[in-house]
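> predicted model and sequence follow; I will ask about them next.
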Amino acid sequence: MATMLGIRSEGTRSPKVVQLEERGAPARAEHAILVFGGSSNLPLAQEICEALGITLGRSLVTTFKNEETRVRIEENVRGADVFVIQSTCSPVDHHIMELLLMIDALRRASADRVTAVIPYYGYAKQEKKTAGREPISAKLVANLIATAGADRVVAMDLHAAAIEGFFDIPVDHLRANPIMADAFQRRLGHDDVVVVSPDSGGVTRALDFSLRVGGHLAIIAKQRPQPDMAEVLEMVGDVRGRTTVIVDDMISTGGTLIEAADMLLERGAAEVYACATHGILAGGAPGLIQDSRIRKVITTNTIPLTDGARRDKIEQISVAPLLAEAIRRIHRRESVSELFT
């Protein structure tokens, strides 16, 4: 017997298999498309399916009383082109296991191809050894996904580009910068903007954002004395009297973001905004951001925003249209490269 501690997603499809169509035109791919969602981000999975014009596949994702994960696919997937949408966010290990079991179940049910759509890739910060006798956890997770039977991976803003190389299967690495830059311009409409990279590793991302919004560039130097802790050291760039926007790939505890915002204001910035793809917002981060001098934080729904994390200063925008278009192109054997720019 299983106790329903997980989530059961049910579709209402009439035919068991849905052939992807685009505005009445038949799909050029030979196989049917099915999309399933794990329990980590069902709202995003539903939104992606709505954009594709299909129904989310029926699956049972739950937990036994002994806390083992149970998965059952409740659709005929034989010969189908299947996509599994699962952000490996908190609880990270549990959601990774869900993803692995769903992939294995689909492979054993004779799916033609299984693509893991991972909007947020857990363990991404552990992509290298920082001391002796440490694992490279991001590589291990990549091995597990491939071993489970995934044929392809779609990911959003991996913390380090090297993670793509950890996979021996194709990876489509999508970026949220175009979506966030558009949201920043439409919602805030500032002209004289300085885009700030919170560290040297994010300069390329910040430069791309600045080109999209027509702003200048500034860089903050910081060091990490220990995990989940960063110290802001210095800044390069002129922010006096200007609107600044800190651009990063993720916001975890919020401490470094707030410290960077305080430095910008001390250097004469008129106001500070922030844009980050992944709003992890661990611990008391939402409250810290709400109480800070940051005007607005824009993040995406790669990680669902819980009720306890909702604040006036935190706004989520959707990546569902981008992911849906990637899925559509992959299914139809079309180029995905245009979505990378």
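Everything's here; your move.

> quick one: low-confidence ranges for the stretch 201-341 of the chain?
For the stretch 201-341 of the chain, applying pLDDT under 70 flags the ranges 223-233, 341.

> all helices for it, in order.
203-213, 255-266, 285-291, 320-331 (DSSP state H, counting those that start in this stretch).

> wait, which of the ones you listed is closest to Val239?
Minimum separation from Val239 across the helices of the stretch 201-341 of the chain (CB to CB) falls at helix 255-266, 5.5 Å. Where C-beta positions appear, they are placed from N, C-alpha and C, glycine not excepted.

> with mean neighbour count and distance to Val171 as extra columns, can I get the helices of the stretch 201-341 of the chain in CSV?
Conversion of those to CSV gives the following (neighbours: other CB atoms under 10 Å; distance: least, CB to CB, whole Å):
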stretch, mean neighbour count, distance to Val171
helix 203-213, 18, 18
helix 255-266, 20, 28
helix 285-291, 18, 29
helix 320-331, 20, 12
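
> so can I have a markdown table of those showing distance to Val236?
Shown next, in a markdown table, are these (distance: least, CB to CB, whole Å):
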| stretch | distance to Val236 |
| --- | --- |
| helix 203-213 | 10 |
| helix 255-266 | 12 |
| helix 285-291 | 25 |
| helix 320-331 | 32 |
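
> quick check: the nearest residue to Ser252 once chain neighbours are set aside vs Thr62, distance?
Nearest non-adjacent residue to Ser252, counting by CB to CB, 6 or more residues apart in numbering: Ile280, 4.6 Å away. Distance, Ile280 to Thr62, using CB to CB, to the nearest Å: 25 Å.

> how does the chain divide into domains?
2-176+320-340, 177-317 (automatic domain parsing).

> ok, now which ones touch Val171?
With CB atoms under 8 Å, 6 or more residues apart in numbering as the criterion, the residues that contact Val171 are Arg152, Val153, Val154, Ala155, Glu164.

> ok, the residues you listed vs Arg329, which is closest?
Using CB to CB, the contacts of Val171 come closest to Arg329 at Val154, 10.3 Å.

> okay, the angle between the helix or strand where the closest one lies and helix 320-331?
Secondary structure assigned from DSSP states H and E places Val154 in strand 152-156. Using axes from the mean of the first three to the mean of the last three CA atoms, to 10 degrees, one finds that strand 152-156 and helix 320-331 are set 160 degrees apart in direction.

> pLDDT (mean, whole number) over strand 152-156?
When pLDDT is averaged over strand 152-156, the result is 98.

> by contact count, what packs against that strand?
strand 113-118, strand 171-174, helix 320-331 (3 or more CB pairs under 8 Å, 6 or more residues apart in numbering; DSSP states H and E).

> run the chain-centre distance for that strand.
10 Å (CA atoms, centre = their mean, to the nearest Å).

> can I get that strand as CSV, trimmed to CA atoms?
Only the C-alpha atoms of strand 152-156 are listed here, as CSV (Å, rounded to 0.1, in the frame of the first residue of the first chain):
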residue,chain,number,x,y,z
ARG,A,152,18.5,14.0,-24.4
VAL,A,153,18.5,16.8,-21.8
VAL,A,154,17.0,20.3,-22.0
ALA,A,155,18.2,22.7,-19.2
MET,A,156,18.0,26.4,-18.3
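
> that strand versus strand 113-118: what angle between them?
Following the same axes, to 10 degrees, one obtains 20 degrees for the angle between strand 152-156 and strand 113-118.
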